[in-house]
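1. turn this into a structure:
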Amino acid sequence: MIKHMVMWTIREGDTPRSKFEKMAEMKSRLLNLKEEIREIRSMEVLFNSPLAPQDNYDIVLVCEFSSWAELESYQMHPEHQKVVEYVKNVRKDRACIDIEY
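-> Below is the predicted model of the structure:
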């Protein structure tokens, strides 16, 4: 089993609301991938608490896959690539870790 975790900080917008709207749109697009990509065993998209330190990441994706091949298939899938393009336009920083267990 592979656990794929990605964290992002989102670029500030004109207002705090616009940053949240970007995060909400990103969450929606990511969660829609569950319907499009059969290799995804599970997926969560979570926001950092407003009470947490401001230098934390803003959003985290946690996915599970049965194998490295399925993770690679997910990453190369055209629908995932569309989400990647959106995320590149709204993110500031990114960190990723893949754990085999």
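2. you'd agree Arg38 is in a strand?
-> No. Arg38: not assigned to a strand; according to DSSP: H, G, I helix; E, B strand; the rest coil it is coil.
3. mind checking pLDDT for the spatially most central residue of the chain?
-> Nearest residue to the geometric centre of the chain (Cα atoms, centre = their mean): Leu61, 3.9 Å. Note for Leu61: predicted pLDDT of 98.
4. mind giving me the packing neighbours of the helix or strand harbouring it?
-> Using DSSP states H and E, Leu61 sits within strand 59-65. Counting contacts by 3 or more Cβ pairs under 8 Å, 6 or more residues apart in numbering; DSSP states H and E, strand 59-65 packs against strand 2-10, helix 16-36, strand 42-47, helix 68-76. For glycine as for every other residue, the C-beta is placed from the backbone atoms N, C-alpha and C.
5. can you pull the buried residues of it?
-> Of all the residues in strand 59-65, those buried under the rule 16 or more other Cβ atoms under 10 Å are 59-61, 63-65.
6. any idea which helix or strand in the chain has the lowest mean pLDDT?
-> Within the chain, confidence by mean pLDDT, DSSP states H and E is lowest for helix 16-36 among all helices and strands, at a mean of 94.
7. return the distance of that helix from the chain's centre.
-> Relative to the mean C-alpha coordinate of its chain, helix 16-36 is positioned 9 Å out (Cα atoms, centre = their mean, to the nearest Å).
8. then stretch 42-56?
-> 11 Å.
9. distance between the ends of it?
-> Taking Cα to Cα, to the nearest Å, stretch 42-56 runs 24 Å from one end to the other.
10. just the buried positions in it, please.
-> 43, 45, 47-48.
11. what does that stretch rub up against?
-> Applying Cβ atoms under 8 Å, 6 or more residues apart in numbering, the contact partners of stretch 42-56 are 23, 26-27, 30-31, 33-34, 57-64.
12. 7 Å instead, please
-> Taking contacts as Cβ atoms under 7 Å, 6 or more residues apart in numbering, the residues outside stretch 42-56 that touch it are 23, 27, 30-31, 34, 57-64.
13. CSV please, covering those residues and showing distance to Val83.
-> What follows is the contacts of stretch 42-56, written out as CSV (distance: Cβ to Cβ, whole Å):
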residue, distance to Val83
Met23, 14
Lys27, 11
Leu30, 6
Leu31, 10
Lys34, 12
Tyr57, 17
Asp58, 16
Ile59, 13
Val60, 15
Leu61, 10
Val62, 15
Cys63, 12
Glu64, 18
